[in-house]
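Asks: Quick one, structure for this:
(one chain, ligands or ions: 1)
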Amino acid sequence: MEQASFKVAIIGAGASGIATAVNLKRMGIPFVIFERADDVGGTWRDNAYPGLACDVPSHLYRFSFAPNAEWSHEYSPGGEIHAYFRDVAKQRGIMEHVRFSSEVTEARFIGEGQWQISTTKGDGGLFNAIVLATGILHKAVLPSIEGRDSFAGTAFHSSRWDRDLSLAGKRVGIIGTGSTATQILPAIVDDVASVSLFQRTPQWILNVPNNRFAEEKKQAFRTEPGKMADLYNHLNFVFNERFAAALVGENDEGLAEMARMCRENLEQNVHDPELRDRLTPSYQTGCKRLIVSDKFYPAIQRENAHLVDTPITRIEPTGIRTEDGVLHELDVIVYATGFDPFAFFRPAVIIGRDGVSLNERWRESCQAYRSVAVPEFPNLFFVGGPNSPIGNFSYLRTAEVQIGYVMELIRRLADGNYREVEPTQEATDAFNAEVEQAITRTVWVTGGCTSWYFDKRGKVVSWPWSYGRFKADLEQPRMEEFKVA
Ligand code: NAP
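Replies: Residues are numbered from 1 along each chain as shown. Just a heads-up that it's a prediction; the model follows:
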């Protein structure tokens, strides 16, 4: 018997919030989306740096339920992906459910299967379930380098790129060598007077060109959508079953092949042996998130591009000083220094049963049950929660698998089967103990590097098994591992 007033709050109108909304709408369950910004799109709305593109192929980086024949490139530019999410939200009637510029400040469980949500706009209310779709990489991290605030030029984090800023003729410094920095450098090298890349750790890079889709190809996708479905399934297999398996110790041949391809890329495309040496990582391929680019090596070898691998001592009003005493004079500093993947819903406050705070509980380590729920927080669900497969599977597939599972629990709540559902502490502990053991076999741990996958305890928090296991684990809730009321 469906509860007449049953209502779900989704927090966040990025990719996972939109997909959750589409599913709830399909099921006829009322919902509201709270979004702190004034547009949908999450990370693809926030990031606007030059060269921004997705490193997952376009025909995989889309919702399974919304194929798109119009992608311009094999790997989509950021703006196109943002437009795609906006279009899906518009076409599926999701926009009218979004409360824009309304940031959730607190979610408090008040008993009887109900949550009280408070927002900056004062438009919160009571809800029966919450889906936290707050994204993984939204809290920018600035490095704690002495003198950072003394810089007299323009400085900003890569995710706060001012679209009106012109870099023409400027001396630009980029700190970082992750996916972001390696995309920015080739995109600006032609415009700037000089660009210096401050490298703390080199990266392994796969040489993958990003070709345009010919009009005939797009036409074929339009007229024969089966072709898009086949491609999606093929890419899903290659990425999620082969590539991801290689990282978690289930495809050693694949990992060795990746390592060979990265080394070959370096050897064939970086000509000066000294520069090649400085760009050669000392850790195993796949340990840090693999970079995909055919543009970075050519760009760093341009005359006006400089690799600076002497450690930074401090930032001064006119530039960056390195340990060898050299002052690298700059007009602009771009901090491509990454994100805090453990921020999740924060700075919002979440209070569960008996006043227990999730912020407190997750101070050191964020632990959940199978990445989607937490004991003592009934009817609260995560998409992209702790131990989500980050850095290995396509995030949109990950999100859809989690949403399918969460929908199953929400359907039972909406049907009135029970008023409250939460995982047991025993099942959650058992899951986390299993993760902790299995993660030690993954290349993220054995590969000899540090990365943003490590949490404050120095432990890697990701999904340590294959995509097959992820799908199987989240196929259907095992109700014996939940408490219901
Ligand atoms: P990141 O991978 O975390 O890289 C941060 C970089 O900043 C690293 O090179 C790090 O060096 C450096 N760094 C941090 N603090 C520093 C300091 N104090 N001094 C010098 N260097 C410092 O960040 P990101 O490049 O923004 O990428 C984050 C994630 O976003 C990616 O892994 C990916 O998942 C996603 N992303 C995806 C795409 C895409 O194409 N889909 C594009 C961009 C980003 P160390 O390595 O030494 O720590």
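Asks: Near the ligand, which residues of this structure are found?
Replies: Residues of the chain found near the ligand (Cβ under 6 Å from any ligand atom) are 53-55, 137, 143, 145, 158, 175-181, 183, 198, 200-201, 289, 312, 336-339, 391, 452. Glycine gets a C-beta too; all of them are placed from N, C-alpha and C.
Asks: So which of those are in strands?
Replies: Ile175, Phe198, Ile312 (DSSP state E).
Asks: Can you say which of these are buried?
Replies: Ile175, Phe198, Ile312 (16 or more other Cβ atoms under 10 Å).
Asks: bridging residues for Ile11?
Replies: Beta-bridge partners recorded for Ile11 (DSSP bridges): Phe34, Leu132.
Asks: and it, how many neighbours?
Replies: If you count neighbours by other Cβ atoms under 10 Å, Ile11 ends up with 26.
Asks: Now stretch 357-366: average pLDDT?
Replies: The pLDDT scores in stretch 357-366 average 95.
Asks: got a list of what the residue of the stretch 201-350 of the chain at minimum distance from the ligand touches?
Replies: Closest residue of the stretch 201-350 of the chain to the ligand, Cβ to the nearest ligand atom: Gly338 (2.5 Å). Neighbouring residues of Gly338 by Cβ atoms under 8 Å, 6 or more residues apart in numbering: Leu137, Val141, Gly176, Gly178, Thr180, Trp452.
Asks: does Ala399 count as helix, strand or coil?
Replies: helix (DSSP: H, G, I helix; E, B strand; the rest coil).
Asks: wait, what's in contact with it?
Replies: Ala15, Ser16, Ala19, Ala133, Val383, Gly384.
Asks: Of those residues, which pair is most distant in space?
Replies: Largest separation among the contacts of Ala399 by Cβ to Cβ: Ala19 and Gly384, giving 10.8 Å.
Asks: Quickly list the domain ranges of this protein.
Replies: Per automatic domain parsing, the domain ranges recorded for the chain read 3-139+340-484, 148-210+234-335.
Asks: looking at those, which is buried most?
Replies: domain 3-139+340-484 (a mean of 19; mean count of other Cβ atoms under 10 Å).
Asks: on that earlier part again, is it possible to get JSON lines of the domains of the chain that adds distance to Met228?
Replies: JSON lines is the format used below for the domains of the chain (distance: least, Cβ to Cβ, whole Å):
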{"stretch": "domain 3-139+340-484", "distance to Met228": "4"}
{"stretch": "domain 148-210+234-335", "distance to Met228": "10"}
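Asks: Now do the residue nearest to Val349 when sequence neighbours are not counted, the pLDDT please.
Replies: Nearest non-adjacent residue to Val349, counting by Cβ to Cβ, 6 or more residues apart in numbering: Glu106, 4.6 Å away. pLDDT, Glu106: 98.
Asks: One more: Ser394?
Replies: 88.
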